[in-house]
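Asks: build me a model from this:
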Amino acid sequence: MLLQILVEIVIGALCGFAASKIMKVNGKGLLFYIITGVIGGAVGGILGSLIPIGKGWVMGIILAIVGSCLVVWLYKKLFKK
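Replies: Residues are numbered from 1 along each chain as shown. As a prediction, this is how the structure comes out:
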C-alpha cells in the first residue's frame with residue numbers, strides 16, 4: 001500500500017512537471033509538481049469517465065497530463081502576476 005502511494009506521487013510529480021513545461025510555468029518546485037499532478041490525475045480520471053476514449057496506463061498518464069494542464073491553467077488564471 002505504501003509503495004502504491006509512493007508510485008502515484010512520483011507519477012503525479014512527473015505529470016505535473018510535464019504539464020508545467022507544456023503550460024510554460026517554471027521554477028515552482030517539486031511540491032507544486034506533485035500537487036498539480038495528483039489533482040490533475042483526479043481531474044483526468046473524471047474526464048476519462050465522462051468521455052470514454054480508452055483504458056490502460058498510457059491513457060491514464062495522458063489524461064493525468066491533460067488534467068494537470070487544466071489545473072495549471074486555473075492556477076495561472078487565479079494567481080496571475
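
Asks: hmm, who's touching the helix or strand encompassing residue 70?
Replies: Secondary structure assigned from DSSP states H and E places residue 70 in helix 57-78. Surrounding helix 57-78, the residues in contact under the criterion Cβ atoms under 8 Å, 6 or more residues apart in numbering are 11-12, 15-16, 18-20, 22-23, 25, 36-37, 39-48, 53. Every residue, glycine included, has its C-beta placed from N, CA and C.

Asks: from residue 39, how far out is residue 7?
Replies: 17 Å (Cβ to Cβ, to the nearest Å).

Asks: pick out whichever of those two has more residues nearby.
Replies: Neighbours were counted for residue 7 and for residue 39 using other Cβ atoms under 10 Å; residue 39 has more, 20 against 10.

Asks: pull the contacting residues for that one.
Replies: Taking Cβ under 8 Å, 6+ apart as the test, what residue 39 contacts is 67-68, 71.

Asks: who wins for neighbours among those residues?
Replies: Going by other Cβ under 10 Å, residue 68 tops the contacts of residue 39 with 30 neighbours.

Asks: which non-adjacent residue is nearest that one?
Replies: residue 40 (2.8 Å; Cβ to Cβ, 6 or more residues apart in numbering).

Asks: in which helix or strand would I find the one you found?
Replies: Short version, using DSSP H and E: residue 40 is in helix 30-50.

Asks: quick check: angle from that helix to helix 57-78?
Replies: Angle, helix 30-50 to helix 57-78, by axes from the mean of the first three to the mean of the last three Cα atoms, to 10 degrees: 120 degrees.

Asks: buried ones in helix 30-50?
Replies: For helix 30-50, the neighbour count (16 or more other Cβ atoms under 10 Å) marks 32-41, 43-44, 48 as buried.

Asks: likewise stretch 66-81?
Replies: 66-72, 75.

Asks: can you lay out the residues you listed as CSV showing pLDDT?
Replies: What follows is the buried residues of stretch 66-81, written out as CSV (pLDDT from 0 to 100):
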residue, pLDDT
66, 88
67, 88
68, 89
69, 90
70, 89
71, 88
72, 87
75, 85
